[in-house]
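Asker: Got a predicted structure plus its sequence, pasted below:
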Amino acid sequence: MTDETARLLADTRAFLETNPPAVATEEDRLAHLEARFDAGLAAVHYPEGLGGRGLPRPLQSVVDDALAVAGSPDNRPTRNVVNLGMAGPTILEAGTQEQKDQFMRPLWTGRHVWCQLFSEPGAGSDLAGLATKAVRDGDDWVVTGQKVWTTLAHLADYAILVARTDPSVPKHRGITYFLLDMKSPGVTVRPLRQITGEAEFNEVFLDEVRIPDSMRLGPEGAGWKLATVTLSNERSGSGTEPPRESGAPGNLFRAWRELPAAERESGLRDEVVRAWIRSEAIRLTQRDVGIRMAASDPPPEASALKLAKAENSKQTASLLMQALGERALEHADGYAFTRPEEMNFDVGGLSPSYSYLRTRANSIEGGTSEVLRTVIGERILGLPREPRGDIDVPFSEVPR
């Protein structure tokens, strides 16, 4: 154990002595998380004073393991997926000190829930084609437009938003990034019911919504660059190494072991083995991406990782349906309309039919597999770029 690790572990234990992990109410849970943020134990790679200590990202596991053993509450990452994976990193990258001080603490604890207002009905894969406009009016911006595939917008207090502020320049250069209070007049959220029965996605209408210029993130016209920062962090996930056999692949492997030998279809055996090997390769790649993220920004390989995870989840969910046959159609919870309180991207431990249906979205959300193949070809393999028609820039796609 290094001296740095020993000090961090000692500080975590001291924190637990003054902040007992047992919490009785939701407010107790949030107060515990706020104390953890103030102690610099929220995310040790964050700057000092903003929940961290400026330490290498892998050291966070020292804190997390000690707190988990003690029974400390977490910050519900499945509810705060946009907070932690998209809004937080982008605010840290480009926010003013006032913005960081205002948003980072409630963002990390989950006292505020964030959503992502990027994709539009006519601009999903081609984000730069967005039509939502923001017009300057004194110290405010007046925003009008529609966003779609917005995860958990029905719960959100704030949103990260990109809008067109200058239609006279090439489309990638006329976009600005904003932070939006979702309680602002003119914001309307409507559910989008999915094939699972859930409506974790929403469409959001912006009808002359006023956003103070103090809520602009970064310079005017720099929205495209900041959107790619958001995307890179989203596609790389948390940068941590997931447990072996987690998520949709884990559903398959557990079910296969539980099947009586006579019911294990011989024709599927090789496919299941290949799926296990593929899942392990993806898991170890995610660990490598995490190590590289500890030293710098998310690497371009994050796009390849996201593509591999999405396609593997779909393949393993399909294999599970084949392995179980008609039993895979059982879905005890039905397909009733619901508004989820959190996201479950991994669909681990859920019914085979739900897993099969939900993983269809994995190759759309976070960047479609088709567009990610273009990113891999151009940014990783160095292949010639496809003609864009307006300006030669790295191509990217923004989901939800």
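Answerer: Cool, the structure landed.
Asker: For the stretch 201-350 of the chain, which segments count as helices?
Answerer: 223-236, 247-258, 266-295, 301-324 (DSSP state H, counting those that start in this stretch).
Asker: I'd like those helices as JSON lines, with mean neighbour count and mean pLDDT appended.
Answerer: All C-beta atoms are positioned from the backbone trio N, CA, C, and that covers glycine. As requested, those are arranged in JSON lines below (neighbours: other Cβ atoms under 10 Å; pLDDT from 0 to 100):
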{"stretch": "helix 223-236", "mean neighbour count": "23", "mean pLDDT": "81"}
{"stretch": "helix 247-258", "mean neighbour count": "20", "mean pLDDT": "88"}
{"stretch": "helix 266-295", "mean neighbour count": "16", "mean pLDDT": "84"}
{"stretch": "helix 301-324", "mean neighbour count": "22", "mean pLDDT": "89"}
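Asker: In CSV, list those helices along with distance to Val142.
Answerer: Shown next, in CSV, are the helices of the stretch 201-350 of the chain (distance: least, Cβ to Cβ, whole Å):
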stretch, distance to Val142
helix 223-236, 16
helix 247-258, 42
helix 266-295, 37
helix 301-324, 35
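Asker: Relative to Leu59, which of the ones you listed is closest?
Answerer: When these are compared by Cβ to Cβ, helix 266-295 sits nearest Leu59, at 8.7 Å.
Asker: packing partners for the helix or strand of the chain with the lowest mean pLDDT?
Answerer: The weakest-scoring helix or strand in the chain, judged by mean pLDDT, DSSP states H and E, is helix 223-236 (a mean of 81). When contacts are defined as 3 or more Cβ pairs under 8 Å, 6 or more residues apart in numbering; DSSP states H and E, helix 223-236 packs onto helix 88-94, strand 158-164, strand 175-181, helix 301-324.
Asker: Residues touching stretch 191-207, excluding its own?
Answerer: 115, 117, 132, 143-154, 159, 186-190, 334-340, 343, 354, 357-358, 360-361, 400 (Cβ atoms under 8 Å, 6 or more residues apart in numbering).
Asker: Buried ones from these, can you make that a ChimeraX selection?
Answerer: The ChimeraX selection below is limited to those of the contacts of stretch 191-207 classed as buried (16 or more other Cβ atoms under 10 Å):
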select :115,117,132,143,144,145,146,147,148,149,150,151,152,153,154,159,187,189,340,343,354,357,358,360,361,400
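Asker: Share the number of residues neighbouring Pro260, please.
Answerer: For Pro260, the neighbour count with other Cβ atoms under 10 Å is 6.
Asker: So what does it look like in phi/psi?
Answerer: Main-chain torsions, Pro260, degrees, to the nearest 10: phi -60, psi 150.
Asker: so how far is Gly250 from it?
Answerer: Pro260 is 20 Å from Gly250, where distance means Cβ to Cβ, to the nearest Å.
Asker: swap in Glu93?
Answerer: Distance from Glu93 to Gly250, by Cβ to Cβ: 33 Å.
Asker: tell me the pLDDT at the residue located most distally from the centre of the chain?
Answerer: Distance from the C-alpha centroid of the chain peaks at Ala262, with 41.0 Å (Cα atoms, centre = their mean). On the pLDDT scale, Ala262 is placed at 83.
Asker: what sits against Asn80?
Answerer: Under the criterion of Cβ under 8 Å, 6+ apart, the neighbours of Asn80 are Leu107, Trp108, Gly110, Val113, Trp114.
Asker: give me that answer again for 6 Å
Answerer: Contact analysis of Asn80 by Cβ atoms under 6 Å, 6 or more residues apart in numbering lists Gly110.
Asker: same check, this time on Thr5
Answerer: Here Thr5 is in contact with Val62 (Cβ under 6 Å, 6+ apart).
Asker: run the last query once more with 10 Å
Answerer: Going by Cβ atoms under 10 Å, 6 or more residues apart in numbering, Thr5 touches Leu55, Pro58, Leu59, Ser61, Val62.
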